[in-house]
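Peer 1: got a predicted structure plus its sequence, pasted below:
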Amino acid sequence: MQKIKKILYPLLILLLSIFIIWPLFLPGYFSHHDDLQVMRIFEMRKCFVDFQIPCRWVPDMGYGNGFPLFNYYSVFPYYIGGLLSFFFGFIVSAKILFLIPLVLGGLSMYLLASSLFDKKAGLLSGVLYLFAPYRALDSYVRGAVAESFALSLIPLVFYFLLKLVKEKKPKYFFGLSISLSAFLTSHNIMSLLFVPLFLIWMLILMYLKKPEHKSLIFLSLGLGFGLSAFFVLPAFFEKPLVQTESLTRFDLDFRVHFVAIKQLFTRSWGYGASTYGPDDSISFQIGIPHFILAFLVLPVVLFNEQSKIFSKRYLIIALILVTYFISLFMMHNKSAFVWESIPILQYTQFPWRFLSLTIFTSSLLGGFLSFILNPKFKSVFVFSFVLLTILINFQYFKPMEFYYSLTDQQKLSGDLWREQQRAGIFDYLPKTATEALEPAVDSPIVTTGKAEITDFKKLSNKWSFNTDVAEKSQIEVPVYDFPNWRVQVNNTPIKHTNKNHIGRISIELEPGQHIVAGKFENTAVRTLANIITLFSLMGLVVIFRYGKIYK
């Protein structure tokens, strides 16, 4: 009976998640903005088959010319998706990627809030996070799998740090390292928004608890970053190699996407686009219960003599409350001067992405409010707001349209295949490349001279062909150039260029028969990053197997 009581609220959150995941159990697929989930899983699986680990270059995107998608774009969800695809195919694996963070978010928030406050507060916070409208927007409107993963993981990172500061236990040590690495490899922009809050959270916890095992905490954090280094370091230091300016211009300029105050509270819902002005055809609401609870916390904290905001005990609540109001401010156009003064912040693209911080903090504030209530009213208060949250918000968790009969074969062939090849081409286009206006051909092209090409093979990180050159020829391979593609002719390395109309790999060959091969290799940054991750993984295994540091 005691064991059942211990897991009663997590089980309740798990059962309530049925209200937000039911569309994922319908046959076929569904509509959403970022309709590249199946394609990314398909490309990741190719990397596994070709032993390109970690996966960086994908061969079929960039309109068939390939580009370094996973050198920059959130990899953690797609490693899971790639593995799942061997068992479930591509569409089902994509739907599982939508499902995991939807369920995990409520449970992870419950763990954090119940550790900060108590179990009933954890239930309220978990349900608030579970049914936050922004999470419905991410999953069923935008199709933002990577961002959804990050939002489900960040409460775990805060939870494991909190527990490790309090108690020197192995499960919290390993939990912090693994959750931090998973979060950092899930979504770059969420890392940009949440890492400053996490660092302040850590400093406050250190100040309040004064743990004697600080070195253990920093070791866990260091290993967490080290595990993610294979992705984080190249994504940051190799940014100049791709056309990142495309990520902040035109319709992706942050100035286009500020939110009017009324949009934070309206209950209208749509599946359209974010546009300039207050007439967007999608919703940026906080959530009525979320706003009410967060609003009520402020007078309680300011005017309750037992919970002064500047007392040591309530420093964490002060941090959460201040972050909540900062997140609201950063979505409004009055914050433009902040965006303009911090260039890296402009890669956030959409100021309404600060809703991620808003729902995170408002969920915790709701739990805190229930925690300080008189025990006589606590149960009624918690279950009333749980019910209110479900009734108001569950309707948002469904897609606009279902494609009941769509199969993997249909999704990865014909016009649908070409659309996915072409989509997002400017996101990580190499600096030396220009946009392809038509699909890449199935074989290298002889641009000058005379040569016959046979047996062309293109994998995720290598290609090869045979050629019989009758006269000196220039041959263009249907692959974008990017550091470090290495080319060999008859097992001898040669130099290649990208001086053609589109920036593909181009080679010059003398008359004769040749075997030509190209391989995508690591730069110095990628090699160093891989080594850091490998040593971090080894360190984690050694500590798990042989560590005596907990005694």
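Peer 2: Perfect, I can see it now.

Peer 1: what helix or strand is the closest residue to Leu176 other than its chain neighbours on?
Peer 2: Distances taken as Cβ to Cβ, 6 or more residues apart in numbering put Phe160 closest to Leu176, at 3.8 Å, once the chain neighbours are dropped. All C-beta atoms are positioned from the backbone trio N, CA, C, and that covers glycine. Element membership for Phe160, per DSSP states H and E: helix 145-166.

Peer 1: please identify the buried residues of the next helix or strand after that helix?
Peer 2: Of the helices and strands lying after helix 145-166 in sequence (DSSP H and E), the nearest is helix 170-184. Using 16 or more other Cβ atoms under 10 Å as the test for burial, helix 170-184 gives 172-184.

Peer 1: who are the packing partners of the helix or strand that helix 170-184 is followed by?
Peer 2: Sequence order places helix 188-209 as the next helix or strand after helix 170-184, per DSSP H and E. Packing contacts for helix 188-209, counted by 3 or more Cβ pairs under 8 Å, 6 or more residues apart in numbering; DSSP states H and E, involve helix 145-166, helix 170-184, helix 214-237, helix 315-330, helix 355-371.

Peer 1: would you turn those into a markdown table with mean pLDDT and distance to Ser108?
Peer 2: A markdown table is the format used below for the helices and strands packed on helix 188-209 (pLDDT from 0 to 100; distance: least, Cβ to Cβ, whole Å):
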| stretch | mean pLDDT | distance to Ser108 |
| --- | --- | --- |
| helix 145-166 | 97 | 4 |
| helix 170-184 | 97 | 9 |
| helix 214-237 | 96 | 16 |
| helix 315-330 | 94 | 16 |
| helix 355-371 | 96 | 11 |
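
Peer 1: so for Gln409, which of those helices sits nearest?
Peer 2: Of all the helices and strands packed on helix 188-209, it is helix 145-166 that lies closest to Gln409, at 21.9 Å by Cβ to Cβ.

Peer 1: please point out which parts of the closest one sit buried.
Peer 2: 145-165.

Peer 1: and if you look at stretch 36-53?
Peer 2: Buried residues in stretch 36-53 (16+ other Cβ under 10 Å): 36-48, 50, 52.

Peer 1: now that stretch, how far from the chain's geometric center?
Peer 2: 17 Å (Cα atoms, centre = their mean, to the nearest Å).

Peer 1: residues making contact with that stretch?
Peer 2: 29, 55, 58-61, 69-70, 73, 78-79, 81-86, 90-91, 93-94, 97-98, 143, 145, 408, 411-412, 420-421, 423-424, 459-462, 520 (Cβ atoms under 8 Å, 6 or more residues apart in numbering).

Peer 1: now the buried members of the residues you listed.
Peer 2: Using 16+ other Cβ under 10 Å as the burial test, those include 29, 55, 58-61, 69-70, 73, 78-79, 81-82, 84-85, 90-91, 93-94, 97-98, 143, 145, 408, 411-412, 420-421, 424, 459-462, 520 as buried.

Peer 1: so which of these belong to helices?
Peer 2: Residues of the buried ones among the contacts of stretch 36-53 located in helices (DSSP state H): 69-70, 78-79, 81-82, 84-85, 90-91, 93-94, 97-98, 145, 408, 411, 420-421.

Peer 1: what is the burial count for Leu203?
Peer 2: Using other Cβ atoms under 10 Å, Leu203 is surrounded by 12 other residues.

Peer 1: same thing with Leu387?
Peer 2: Neighbour tally, Leu387, other Cβ under 10 Å: 12.

Peer 1: then stretch 213-226 to CSV, C-alphas only?
Peer 2: These are the backbone C-alpha positions of stretch 213-226, laid out as CSV (Å, rounded to 0.1, in the frame of the first residue of the first chain):
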residue,chain,number,x,y,z
HIS,A,213,30.9,17.5,-2.1
LYS,A,214,31.2,20.4,-4.6
SER,A,215,33.9,18.6,-6.6
LEU,A,216,31.5,15.7,-7.2
ILE,A,217,28.8,18.1,-8.4
PHE,A,218,31.2,19.8,-10.8
LEU,A,219,32.5,16.4,-12.0
SER,A,220,29.0,15.4,-12.9
LEU,A,221,28.3,18.6,-14.7
GLY,A,222,31.7,18.3,-16.5
LEU,A,223,30.9,14.8,-17.7
GLY,A,224,27.5,15.9,-18.8
PHE,A,225,29.0,18.6,-21.0
GLY,A,226,31.8,16.3,-22.1
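
Peer 1: tell me the buried residues in that stretch?
Peer 2: Neighbour-count burial for stretch 213-226 flags 213, 216-217, 219-221, 223-226 (criterion: 16+ other Cβ under 10 Å).
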